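**Q** Got a predicted structure plus its sequence, pasted below:
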Amino acid sequence: MEISVKDTIVQLIQGDITKTTVDAIVNAANTSLMGGGGVDGAIHRAGGKAILEECIKIRNQQEGCAVGEAVVTTGGNLNCRFVIHTVGPVWNGGMNNEEDKLRNCYRNSLKQADLNGAASIAFPNISTGIYNYPKDLACNIAIDEVFNYFVNNDSEIKRLVFVCFDDESFAIYENELVKYDHHD
């Protein structure tokens with residue numbers, strides 16, 4: 001599925017984000033930046049030790065990455081120039097500013113992509129795995145933030161890919177993106 005907003009094509013695919021060819025891959029990292037489970041572990045494994053080495057440098061400079069923030073490392077062995085590591089919130093029933101924190105993940109990742117000259121970017125479903133963010137709510141936030149960013153900013157990003165790993169997430173994103181078709 002593919003739709004556009006201003007000068008950017010927004011695509012939806014199902015698969016492994018580590019196999020996506022884009023300028024920037026977004027990693028759903030943890031605050032330590034040391035790799036972990038889910039998409040974070042997959043990106044660290046596929047990208048190789050260069051990513052971890054740069055994460056260690058960042059950690060030594062600023063003690064990791066706060067929830068909602070984003071930092072950049074090399075893409076290592078991945079089919080991208082760099083990885084944007086963002087830390088999503090752990091779902092706590094919506095009582096801990098989770099929505100604002102998740103919105104910041106998307107906004108700050110897009111800002112980092114633009115600052116680093118990315119023409120294309122791929123996002124996983126941030127916080128919907130072991131952090132238990134409800135997939136439908138997370139999807140609404142992701143799409144809303146992406147569209148708001150492109151409508152309100154002059155961006156060099158010409159292609160954005162939402163990469164869903166599982167059937168359920170893909171169906172949720174597909175149903176939500178249909179609502180944005182013809183939206184400009």
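**A** Yes, it's here. Everything numeric here is computed off the predicted structure, so don't read it as measured data. Numbering: from 1, shown residues only.
**Q** show me where pLDDT drops low in the chain?
**A** 182-184 (pLDDT under 70).
**Q** Helices of that one, start to end?
**A** Listed in chain order, the helices of the chain (DSSP state H) span 38-47, 49-62, 98-115, 135-152, 167-180.
**Q** Look up the residues forming beta bridges with the residue nearest the centre of the chain.
**A** By C-alpha atoms, centre = their mean, the chain has its centre lying nearest to F123, at 3.4 Å. Beta-bridge pairing for F123 (DSSP bridges): F162.
**Q** show me what contacts D144?
**A** The contact partners of D144, by C-beta atoms under 8 Å, 6 or more residues apart in numbering, come to R103. From N, CA and C alone the C-beta is placed, and that goes for glycine too.
**Q** same deal with F82?
**A** 23-24, 72-75, 116, 118 are the contacts of F82 under C-beta under 8 Å, 6+ apart.
**Q** hmm, back to that, quick one: the helices of the chain as CSV, columns for distance to M1 too.
**A** Shown next, in CSV, are these (distance: least, C-beta to C-beta, whole Å):
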stretch, distance to M1
helix 38-47, 21
helix 49-62, 29
helix 98-115, 19
helix 135-152, 12
helix 167-180, 6
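**Q** I3 is nearest to which of the ones you listed?
**A** Closest approach to I3 among the helices of the chain (C-beta to C-beta): helix 167-180, 6.0 Å.
**Q** quick one, that closest one and helix 135-152 angle?
**A** 40 degrees (axes from the mean of the first three to the mean of the last three C-alpha atoms, to 10 degrees).
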